[in-house]
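J.: here is the input, now give the coordinates:
(one chain, ligands or ions: 1)
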Amino acid sequence: MATVQTIAGPVDSAALGRTLAHEHICSGMAGMERVGMFDVDDVTRRAVAALANAKDVGIQTVIDCSPLDLGRQATLFERLARESSSNIIACTGVYRYVPSSYAGWNVDTLAEYWLRDLRSGMEGTNIRAGVLKIAWDYEYRVDDGPSAPRAQLEKCARAAALAAKTAGVPILVHHRCEDRTGHRVLDIFEEEGVDLRAVTVGHCNDSLDPDYVIGLARRGATVGLDRFNPNRSQAELERRAQLALDVIKAGYASHMTLSHDRAAFSINGGPPEGGPRPEDANCYVRVSQMEIPWLLAHGATEADIQATLVGSVRAMFESASAMKRG
Ligand SMILES: [Zn+2]
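T.: Residues are numbered from 1 along each chain as shown. Down below sits the predicted model:
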């Protein structure tokens, strides 16, 4: 067992229950609250409603994957810690487009900053992050010297590795499947002595290649099939469910997480005139209401579903915690 830091305090890894491992409570940009794009009352109301609907379909825990530069709001977490009964695990780390302030920082400095969020609290509150997040996307393609995006992203991965080992927390990676960078990021974590069981390579269900996804799980990592977005077509959702079934049939149910990658509140992709997206209180229910029934109807067992929604997340936290002890 391991202690998992939620926004409301420590929870035992055995008590997390069914978990959505990659969602956003609130997403946007750093500083959005200072330019009138974040109203804590409105966002709290939306988040409480969405989390309650998720709980009604069996989801007890949600991992929030918005670091500071993706609009994380610690004041929101202070409210949610009181007003929602769900477990919410916040993250620190960095999203895409590594802030240029980081260009001159070394691995130790970056890790030290993230460790403050993990150990002391975020944004001047005493609410602590419970996981690390990094994001490798198109930017990784730009490889032109030490300040180019690729070198910066690799530095962030090494800093995340150091912080993860020091604090004993998992690392969640946003990655672009089409560019197949999952193996490279796992190579770096291996070089840095991270137990790959404590790493989730996320957004794997964007991949059209089951062998690529299963290959990441075979190395010991967790694969995040975490984009079951209700706005996609029925055919695309079934393709994504089929990929999850492929991973289960290959024997890696306990190395796979399911999620939507949706936000209870977001200004990203909002209306053309700016501002937040329309409210969707059902943003966290589609995995439970559609994907799991589809999997069960196509040969997955209840034990497989339990291994995926409960066991994989628990193992990720317990492996991370063991790194700290070890
Ligand atoms: Zn996301």
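J.: quick one: average pLDDT of the longest helix along the chain?
T.: Longest helix in the chain, counting residues (DSSP state H): helix 149-167. In this model, helix 149-167 has an average pLDDT of 97.
J.: immediately after that helix, which helix or strand?
T.: Going down the chain from helix 149-167, the next helix or strand is strand 171-175, by DSSP states H and E.
J.: near the ion, anything from that next one?
T.: No. Using CB under 5 Å from the ion, strand 171-175 stays clear of the ion, coming no nearer than 6.1 Å. C-beta: built from backbone N, CA, C; applies to glycine.
J.: which secondary structure elements does that strand sit against?
T.: strand 131-136, helix 149-167, helix 182-191, strand 199-202 (3 or more CB pairs under 8 Å, 6 or more residues apart in numbering; DSSP states H and E).
J.: dump those to JSON lines, plus mean neighbour count and distance to the ion.
T.: What follows is the helices and strands packed on strand 171-175, written out as JSON lines (neighbours: other CB atoms under 10 Å; distance: least, CB to the ion, whole Å):
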{"stretch": "strand 131-136", "mean neighbour count": "27", "distance to the ion": "8"}
{"stretch": "helix 149-167", "mean neighbour count": "22", "distance to the ion": "16"}
{"stretch": "helix 182-191", "mean neighbour count": "18", "distance to the ion": "16"}
{"stretch": "strand 199-202", "mean neighbour count": "30", "distance to the ion": "7"}
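J.: got the residues of the protein near the ion?
T.: Residues of the chain lying near the ion (CB under 5 Å from the ion): 65, 261.
J.: in the chain, which spans are strands?
T.: With DSSP state E as the criterion, the chain has strands at 3-6, 9-12, 19-27, 61-64, 87-89, 91-93, 131-136, 171-175, 199-202, 222-225, 256-258, 263-266.
J.: flag the shaky bits of the stretch 201-326 of the chain, pLDDT-wise.
T.: Along the stretch 201-326 of the chain, the parts satisfying pLDDT under 70 run over 326.
J.: tell me which residue of it lies closest to the ion.
T.: Of the residues in the stretch 201-326 of the chain, the one nearest the ion is residue 261, at a distance of 4.3 Å by CB to the ion.
J.: near that residue, how many other residues are there?
T.: 22 (other CB atoms under 10 Å).
J.: please apply the same query to residue 137.
T.: By other CB under 10 Å, 18 other residues sit near residue 137.
J.: check contacts around it.
T.: 96, 174, 175, 176 (CB atoms under 8 Å, 6 or more residues apart in numbering).
J.: next one: the first one from the ion, what distance?
T.: Residue 96 sits 10 Å away from the ion when distances are taken as CB to the ion, to the nearest Å.
J.: tell me the pLDDT at that residue?
T.: At residue 96, pLDDT is 92.
J.: burial of it, as a residue count?
T.: Look at residue 96: counted by other CB under 10 Å, it has 17 neighbours.
J.: quick check on the closest residue in space to residue 77 that isn't next to it in sequence: phi, psi?
T.: Among residues not flanking residue 77 along the chain, residue 7 sits closest, at 4.2 Å (CB to CB, 6 or more residues apart in numbering). Main-chain dihedrals, residue 7, degrees, to the nearest 10: phi -70, psi -20.
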